[in-house]
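1. heads up, no residue letters with this:
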């Protein structure tokens, strides 16, 4: 496991994060919802970022509990989009899967976009 996401990303890590930013949000995808402009979320181990390789895409709601549409309340987002990681990792992971499940899902999406 490589720790140290505070370091400057390598060329491959930068390409990964660019691919993540092009979407989709992994949680929205599981719910069959469209999402916009995912954030790059660094996965943790013992409260420490694992490194730039261990990143997934989450929309502002699923990542930071931030409503990205004017006029829609957090209650609406919770009901329609499901739990936000920022509001608690246990409910989020119960709904959307473990970090490893999400990392594997992200890796498959990136690989699939390279093949297309």
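-> Structure's in. What do you need? None of the values given here were measured: they were computed from a predicted structure.

2. show me where the protein has helices.
-> Assigned by DSSP state H, the helices in the chain fall at 11-21, 26-31, 60-64, 74-81, 89-96, 99-115.

3. got these as JSON lines, with distance to residue 45 and mean neighbour count columns?
-> From N, CA and C alone the C-beta is placed, and that goes for glycine too. Converted to JSON lines, these look like this (distance: least, Cβ to Cβ, whole Å; neighbours: other Cβ atoms under 10 Å):
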{"stretch": "helix 11-21", "distance to residue 45": "17", "mean neighbour count": "14"}
{"stretch": "helix 26-31", "distance to residue 45": "19", "mean neighbour count": "20"}
{"stretch": "helix 60-64", "distance to residue 45": "18", "mean neighbour count": "23"}
{"stretch": "helix 74-81", "distance to residue 45": "26", "mean neighbour count": "14"}
{"stretch": "helix 89-96", "distance to residue 45": "13", "mean neighbour count": "15"}
{"stretch": "helix 99-115", "distance to residue 45": "9", "mean neighbour count": "14"}
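
4. so which of those helices gets nearest residue 48?
-> helix 99-115 (13.0 Å; Cβ to Cβ).

5. partner strands of the least confident helix or strand in the chain by mean pLDDT, with direction?
-> Counting by mean pLDDT, DSSP states H and E, the chain has its least confident helix or strand at strand 48-49, which shows a mean of 79. Sheet partners assigned to strand 48-49 using DSSP bridges are listed as strand 44-45 (antiparallel).
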